[in-house]
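S.K.: sequence-free structure coming up:
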């Protein structure tokens, strides 16, 4: 499913235009992104939680030259944990 598919479904189920549904979806995605940038979690009850995950710096191996070690820097990544309702719906 793509972003366009989500817009189509939202516009049909809410009986609004595709433009309005697209703007609503984009504003929701922007709000989640800005909250994660600040380091805050976003919890949608019954759906799941978006959070920020931190990875420590580590040493890795260059796949082209296994004898060469490379340094992988520390980084911050987005993560998602599914809520109980979503898990139950997918499990059937």
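M.R.: Thanks, I have the structure now. The model shown is predicted, which means the values in this text are computed figures rather than measured ones. Residues are numbered from 1 along each chain as shown.
S.K.: how about the nearest residue to residue 32 once chain neighbours are set aside, phi and psi?
M.R.: The spatial neighbour of residue 32 that comes closest, neighbours along the chain excluded (Cβ to Cβ, 6 or more residues apart in numbering), is residue 42 at 5.0 Å. Using the backbone N, CA and C atoms, a C-beta is placed for each residue, glycine as well. Residue 42 adopts backbone torsions of phi -120, psi 120, taken as degrees, to the nearest 10.
S.K.: Name all residues that make contact with residue 42.
M.R.: 31, 32, 35, 36, 49, 50, 51 (Cβ atoms under 8 Å, 6 or more residues apart in numbering).
S.K.: For it, name its beta-bridge partners.
M.R.: residue 50 (DSSP bridges).
S.K.: What score does it have for pLDDT?
M.R.: Reading off the confidence values, residue 42 has pLDDT 97.
S.K.: thinking again about what came up before, may I see the PyMOL selection of the buried members of the contacts of residue 42?
M.R.: In PyMOL syntax, the buried subset of the contacts of residue 42 is picked out as below (16 or more other Cβ atoms under 10 Å):
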select buried, resi 36+50+51
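S.K.: what's the closest of the contacts of residue 42 to residue 76?
M.R.: Comparing the contacts of residue 42 against residue 76 with Cβ to Cβ places residue 36 closest, at 9.0 Å.
S.K.: picking up where we left off before, tell me the spacing between the residue nearest to residue 32 and residue 66.
M.R.: Distance, residue 42 to residue 66, using Cβ to Cβ, to the nearest Å: 40 Å.
S.K.: cool, residue 58 as well?
M.R.: Residue 58 is 16 Å from residue 66, by Cβ to Cβ.
S.K.: which of the residues in the helix ranked longest in the chain are buried?
M.R.: The residue-count maximum for a helix in the chain (DSSP state H) belongs to helix 18-37. Going by neighbour count (16+ other Cβ under 10 Å), the buried part of helix 18-37 is 21, 22, 25, 36.
S.K.: In TSV: the residues you listed, plus distance to residue 8 and pLDDT.
M.R.: Putting these into TSV (distance: Cβ to Cβ, whole Å; pLDDT from 0 to 100) gives the following:
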residue	distance to residue 8	pLDDT
21	8	96
22	10	96
25	11	96
36	26	96
